[in-house]
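Trainee: take a look and give me a structure for this.
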Amino acid sequence: MTRNRQVRLAARPVGLPDASTWNYVDADVPEPADGQVTVKVAYVSLDPAMRGWLNDVRSYVPPVQIDAVMRAHAVGHVSASNSPDFAVGDAVSGNFGATEYAVADAKDVVRVDESIAPLPTWLGALGFPGFTAYFGLLDVGKLKDGDTVVVSGAAGAVGSLVGQIAKQHGCTVIGIAGGAEKCAWLTDELGFDVAIDYKSESVAKALRQHAPKGIDVYFDNVGGEILDAALARLRLGARVVLCGAISGYNATEPTPGPQNYLSLLINRASMAGFIVFDFAGRYGEAAAKLGEWVADGKLVAREQVATGGIDKFGDTLLMLFEGKNTGKLVLQVS
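Mentor: Numbering: from 1, shown residues only. Below you'll find the model as predicted:
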């Protein structure tokens, strides 16, 4: 019998998840009911938001329940179909979870085209990170041609795309990342104008130097002290986009709010949070534009693929919080 290895939530973590957080179990390969497909998962997406899904608190999605398969977006191929919309072998994406095989309603499955980009890219630039960058910057951030844009977590899945999209609009782009190698990638390969290494220099001082007239759009993925430094440099009418706050995701004590929030008042600026699901009706628009940029070489899609199979899920997830990934982090399952 074919094995179906799964990652299930064993206990809610306090601080960083560890080995006690997960159970790795073998289950039966699910058979599709009418209108469903079974998918053999090839790659699982690893995302900072996963840490929040482990907490039993009210959020934009229900928490993962104890003993449930860990929630995760994934890509793979249809291995059995009971739907006229999909055939065995079709490449698809969906919320399949951290598992080797998943069953899903056909209406919740999206066909992807491997001739356009390999499967991991459909979890990155052509998936939710790409949609997040696209709608967060253009709709929430109300980007204008020629803006000065600062993005934190700039070498991550979303931040690296935000900067590149801003460059498509003639903006000056300043990325904040950790380490010389990541900063060099931002400027040398992605076309960022400046990269600030928060590990080796003062972000506040560097922003004063590189954004002397202030910031028009700040796209925040980290929160904490870096958010405060950016708030201090806002221009009149600036827009702050709250996408994530990874610096506090594993905190065991309440994290303080920003001290420089009065800059919003002084500069008549706005600060707004968003969830990519808010734009579900427009995913096709984003996918078409992002796909065009990728095909034309105007958007560099980088996936860091971890190997070792589903049993490496816990270790791979920790890479996000240890600053060990560049671009989109995915786990190869099969």
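
Trainee: residues contacting the closest residue to residue 204 other than its chain neighbours?
Mentor: Nearest residue to residue 204, sequence neighbours excluded (Cβ to Cβ, 6 or more residues apart in numbering): residue 229, at 4.2 Å. Every residue, glycine included, has its C-beta placed from N, CA and C. Contacts of residue 229 were listed using Cβ atoms under 8 Å, 6 or more residues apart in numbering, and they are 203, 204, 207.

Trainee: closest to residue 223 among the residues you listed?
Mentor: Proximity to residue 223 was ranked across the contacts of residue 229 by Cβ to Cβ; first place goes to residue 203, at 12.8 Å.

Trainee: quick one: pLDDT of the residue nearest to that closest one when sequence neighbours are not counted?
Mentor: Leaving out its chain neighbours, the residue that sits closest to residue 203 by Cβ to Cβ, 6+ apart is residue 229, at 4.5 Å. Note for residue 229: predicted pLDDT of 97.

Trainee: wasn't residue 229 part of a helix?
Mentor: Yes - judged by DSSP: H, G, I helix; E, B strand; the rest coil, residue 229 forms part of a helix.

Trainee: still on that earlier bit, for the residue nearest to residue 204, give its distance to residue 189.
Mentor: From residue 229 over to residue 189 the distance is 25 Å, taken as Cβ to Cβ, to the nearest Å.

Trainee: also residue 291?
Mentor: Residue 291 is 20 Å from residue 189, by Cβ to Cβ.

Trainee: so the two - more neighbours on which side?
Mentor: A side-by-side neighbour count of residue 291 and residue 189, using other Cβ atoms under 10 Å, places residue 291 first with 18 against 12.

Trainee: can you pull the contacts of the residue most central in space within the chain?
Mentor: The geometric centre of the chain, computed from its C-alpha atoms, lies nearest to residue 129 (Cα atoms, centre = their mean), at 4.3 Å. By Cβ under 8 Å, 6+ apart, the contact list for residue 129 reads 47, 123, 157, 158, 161, 328.

Trainee: now with 7 Å?
Mentor: Counting by Cβ atoms under 7 Å, 6 or more residues apart in numbering, residue 129 touches 157, 158, 161, 328.

Trainee: in helices only, show me those residues.
Mentor: Using DSSP state H, the subset of the contacts of residue 129 located in helices is residue 161.

Trainee: now, the contacts of residue 129 that are in strands?
Mentor: residue 328 (DSSP state E).

Trainee: take the contacts of residue 129 and write them to JSON lines, including pLDDT, distance to residue 42 and neighbour count.
Mentor: As requested, those are arranged in JSON lines below (pLDDT from 0 to 100; distance: Cβ to Cβ, whole Å; neighbours: other Cβ atoms under 10 Å):
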{"residue": "157", "pLDDT": "96", "distance to residue 42": "18", "neighbour count": "32"}
{"residue": "158", "pLDDT": "97", "distance to residue 42": "22", "neighbour count": "28"}
{"residue": "161", "pLDDT": "98", "distance to residue 42": "22", "neighbour count": "31"}
{"residue": "328", "pLDDT": "96", "distance to residue 42": "15", "neighbour count": "27"}
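
Trainee: what is the nearest of the contacts of residue 129 to residue 269?
Mentor: residue 158 (21.4 Å).

Trainee: quick check: the closest one vs residue 274, distance?
Mentor: Using Cβ to Cβ, we find residue 158 at a distance of 12 Å from residue 274.

Trainee: what do you get for residue 165?
Mentor: Between residue 165 and residue 274 the computed distance is 15 Å (Cβ to Cβ).

Trainee: could you do residue 59 as well?
Mentor: From residue 59 to residue 274 the distance is 14 Å (Cβ to Cβ).

Trainee: check residue 32 too.
Mentor: With distances taken as Cβ to Cβ, residue 32 is found 34 Å from residue 274.

Trainee: of the two, who's got more company?
Mentor: For residue 32 and residue 274, the more surrounded residue by other Cβ under 10 Å is residue 32, and the numbers stand at 20 against 17.
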